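J.: Dropping a prediction and its sequence here:
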Amino acid sequence: MPVTEKTYVQTLARHHRILVFIDGNIVEDVLRQVMQANLHIWGGRYNPIIPVFNGVLTQDWLDMIKDFDPDFVYYSSKIAVEVLKEIPFFNPKEYIAFDEDRRVYFPGLNIHNLLHTNVHDRFTAPKTKLLAYMGQWDMAMPAKTFYRLNFGFMPAYVGEDMMTEKYELVGISDGAAQKINDIISEWKPYFKSNLSALHVNSIYLRAKQYHDEERFQWIVYDSSNYLLNLLYFWNRQLYMEPKNRLVHVVTSASEMDELLMDPDLQKLVFYLSHTNPTYLVSMNMSAENLETIRKRMQTACPRLRILSDKIPEFPFPVGRYESLQSSFLQPSKNLVIGKSDFIRLPVLAFESADSIDDGPYAVDIRVENGMGDDRREIKFPIGTYLHQLAIEGSTRITRDRHITLFTTRREHTIEFRVPDDLAIIRSVLHYREKQKHLVQLPIEYTETSPAGQKLMAFFQLFDSNWTTLGGFLEEKFWLQLFRYDSELPSSPIRSGKGVFSYQDLQKELAALTERYRPQITGLLRDQSEQDVDDENIDRVIEREIKEAFQFHIEPGIEFLVKKGGLLMGMKVKCDLCGSNRWYSLAELSDKIRCKGCNNITMPNLSSKIYFKVSDIVINNLLSDQTKNNKQYDGNYVVLKTLLYLKAIYQGPDYSFSWCGPLAYRTQYMPNNWSSDFDIAVLLNGRLALGEAKCQYREFTTIEIDRLVWAANTLYPDLIIVSCLFGNLDSVVQKIRERVTNPTCEVISYNVFAPWYKFPPLFGV
């Protein structure tokens, strides 16, 4: 492939994306600890917490999380990790067990780093005030666990006080603990539990059916039925965009009893609901018990509306997902000239840059180069081993096939090497990284095959541009010219065997136009609203022939001559042996040696120019140049298949990386073999391997066996078989029946017959 001269490397800082699986029998206090640990790190409020019941992950929860792309999966040590690794749509860096009998901790950037002067509740607070725990750890107060989970009201860890010292603190000490609701309603502090939802880079879900996310809900539960209520409290947030206020709170029945005894409860509810009705809900409390609590709460809050509501089935069925991207964190772009350079990692400024700690975070890296048809992204297959290929450090490939680097603010730059397409494809055929383990695949070597070398040389003739190549290869007139073939038995193109003059092209186009005159006449009359007589048709055809030469044939000849696809020369007839051979302009002089008899002869200087099709072109389009049946070379089917794949997989994040046919040899097998892949491409970062044949009958049992082996062993996303003649349904069926790789798709492509695309033969 051509060397990339300029590569743009875009970097974007974000939080760790974590997915937490808990055992279905988890203790209530431990589940609260899991939630509080998430609330203590950047982005933690959008980390799903998912139950596994008796080793089974139910489909409703799976449907809810299938579009998340976690960097790390944490799971209760009581869950068998094999159950989680069978989930097909995740590719985390690591699966990490946590012990429910110990303090739960998730690494990430401390939430206090996100503090700034405008982080307060935009509805009520004039500036940032923080609710601060000033008492002893065992400070006595009513419903203490309620404030801890919902408001983040906890003693500061070591060093956190340095991050909050410049903000106004609403301190709650032992003496003031009994008046906490009055203090909150008067001072209107910003709750620390909201910090973990700032500057989120993740997704949120859209339920299939409407659910009122604007309703402020107060979730209440019996301690004997805590699990589903706490999971609803946590995961309901995933169905809405981040808000700078609480959208719901949760209490146990015992906590509610303590809160209802506080005369200042109405002030707290008023502050939380922003004068809107408060909806009392529960996942499994009886309607009678819930109504009893509602009445008690209404009595305690006479000036407010306390209603009850029924929670629909949860998790809500997902209709689609939306991206969450903080406008504050903007990507930065690095220019790499040549094959490698050091790129700058983004600075985590936020609004209080001086207090950023060394907590770990992620940097998403997108690579874009400007070679080929257009600037395009370089995407990588899942599990690409990047250490020797592109970047050193702790990395993974995301769901959208980009690089994520895990780092801290101690790293300011990192070396980035720009891999070419062949290097990426060869790498993923030799190695894959799976959860920090390097898996060596059973391939001993890979290299561009002789057929691949021919194809690459052919591609470079067309400026390494698929659009330009397709313009010639998919036009029937050019294709016949390259293969010295014609629909006309007496054509000079056919008899010239790759040598032709400008006049030969004129005769060819005129004769083809005459051959298809009835069809051309019919098309012209169909396109005209009035009757068109023969004289006008002659005039239109004559004009279109001129336009064909002016706008298509002449520019094409000029381009091909310039690139070496056509060679210019003359025919020289020998006076001795009578042979009339073609000689390039470089060979011509006043005296030349005859190619027929080696005698010295003289060219006729009045001879016209003849063009000769380059061997590079012929060798890719004709498999046997000595036969009259014009058998297509396999590279023609390969090129047509590549053009097809490139066309159907285009999109907003389009990426197409490829190499020519690739020879390989297996290893670590009872019977090693050597073969090649005709098709080896990356379609938006998804590896596609395949075979291209002229006839469908060429897909022998051995060919099918090797494609099945590749599908099950080399982790491709796509296996494709293509041919020029015949039906491939049976071939696809035989492969599909034996493919055990659940993420590998098997498809076929039949190369369509070329047709004329420029006047006057367009469409015939």
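T.: Done, it's in.
J.: Ile22 against Arg32, yeah?
T.: No: under the criterion of Cβ atoms under 8 Å, Ile22 makes no contact with Arg32, lying 11.3 Å away. Glycine gets a C-beta too; all of them are placed from N, C-alpha and C.
J.: more crowded one of those two?
T.: Neighbour count, other Cβ atoms under 10 Å: between Ile22 and Arg32, Ile22 has more, with 24 against 20.
J.: For that one, which non-adjacent residue is spatially closest?
T.: Ser76 (5.2 Å; Cβ to Cβ, 6 or more residues apart in numbering).
J.: Then Ser449?
T.: Excluding its sequence neighbours, the residue lying closest to Ser449 (Cβ to Cβ, 6+ apart) is Ala663, at 3.9 Å.
J.: same check, this time on Ile616
T.: Ala457 (5.1 Å).
J.: same check, this time on Phe21
T.: Spatially, and ignoring its direct neighbours in sequence, Phe21 is nearest to Tyr75 (4.1 Å; Cβ to Cβ, 6+ apart).
J.: What is the burial count for the one you found?
T.: 21.
J.: Kindly state the beta-bridge partners for it.
T.: Phe21, Ala97 (DSSP bridges).
J.: Give me the pLDDT for it.
T.: With respect to pLDDT, Tyr75 has a value of 97.
J.: next one: Val3
T.: Reported pLDDT for Val3: 49.
J.: How about Glu165?
T.: For Glu165, the pLDDT comes out at 78.
J.: Now do the phi/psi pair for it.
T.: phi -70, psi -30 (degrees, to the nearest 10).
J.: That one and Gly159, how far apart?
T.: Using Cβ to Cβ, to the nearest Å, one obtains 11 Å as the distance from Glu165 to Gly159.
J.: again, but for Val347
T.: Taking Cβ to Cβ, one finds Val347 at 21 Å from Gly159.
J.: picking up where we left off before, what about the residue nearest to Ser449, which helix or strand?
T.: Element membership for Ala663 (DSSP states H and E) is strand 662-666.
J.: Give the other helices and strands that that strand contacts.
T.: helix 421-430, strand 443-448, strand 674-677 (3 or more Cβ pairs under 8 Å, 6 or more residues apart in numbering; DSSP states H and E).
J.: which other helices and strands contact the following helix or strand past the shortest one?
T.: On the C-terminal side of strand 674-677, the closest following helix or strand by DSSP H and E is strand 679-683. The helices and strands touching strand 679-683, judged by 3+ Cβ pairs under 8 Å, 6+ apart, are helix 421-430, helix 634-648, strand 656-659, strand 686-695, strand 718-725.
J.: Quick one: mean pLDDT over strand 679-683.
T.: Strand 679-683 comes out at a mean pLDDT of 96.
J.: Spell out which strands sit alongside it in the sheet and which way each one runs.
T.: Using DSSP bridges, strand 679-683 pairs in its sheet with strand 656-659 (antiparallel), strand 686-695 (antiparallel).
J.: Any chance you could list what contacts the longest one?
T.: Read it as strand 686-695. Residues from elsewhere that reach strand 686-695, judged by Cβ atoms under 8 Å, 6 or more residues apart in numbering: 381, 401, 425, 428, 623, 631-632, 634, 637-638, 641, 645, 677-682, 699, 703, 707, 710-711, 714-726.
J.: buried stuff in the following helix or strand past it?
T.: Downstream of strand 686-695, the next assigned helix or strand under DSSP H and E is helix 701-713. Within helix 701-713, the residues that count as buried by 16 or more other Cβ atoms under 10 Å are Glu703, Ile704, Arg706, Leu707, Val708, Trp709, Ala710, Ala711.
J.: Check stretch 304-316 too.
T.: Across stretch 304-316, burial judged by 16+ other Cβ under 10 Å covers Leu304, Ile306, Ser308, Asp309, Ile311, Phe314, Pro315, Phe316.
J.: How about stretch 293-304?
T.: Buried, per 16+ other Cβ under 10 Å, within stretch 293-304: Ile293, Arg294, Met297, Ala300, Cys301, Leu304.
J.: Now tell me what touches that stretch from outside.
T.: 218, 220, 253, 256, 260, 265-266, 269-270, 273, 277-278, 280, 306-308.
J.: Put the alpha carbons of the helix or strand where Met64 lies into CSV.
T.: Secondary-structure assignment from DSSP H and E places Met64 in helix 59-65. What follows is helix 59-65 as a C-alpha-only set of coordinates in CSV (Å, rounded to 0.1, in the frame of the first residue of the first chain):
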residue,chain,number,x,y,z
GLN,A,59,-32.7,-11.7,28.8
ASP,A,60,-34.4,-8.5,29.9
TRP,A,61,-31.2,-7.3,31.6
LEU,A,62,-29.1,-8.5,28.7
ASP,A,63,-31.2,-6.5,26.3
MET,A,64,-30.7,-3.4,28.5
ILE,A,65,-26.9,-3.5,28.5
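J.: tell me the mean pLDDT for that helix?
T.: 96.
J.: Buried ones in the helix or strand of the chain with the lowest mean pLDDT, by neighbour count?
T.: One helix or strand of the chain scores below all others by mean pLDDT, DSSP states H and E: helix 160-164, with a mean of 78. By neighbour count with 16+ other Cβ under 10 Å, helix 160-164 contains the buried residues Glu160, Met163, Thr164.
J.: got a list of contacts for that helix?
T.: Outside of helix 160-164, the residues within contact range by Cβ under 8 Å, 6+ apart are Asn110, His112, Asn113, Leu115, Leu130, Ala132, Ala156, Ser352, Ser355, Asp357.
J.: so Asp60 makes contact with Pro315?
T.: Yes: at 5.3 Å, Asp60 and Pro315 qualify as touching, with contact defined as Cβ under 8 Å.
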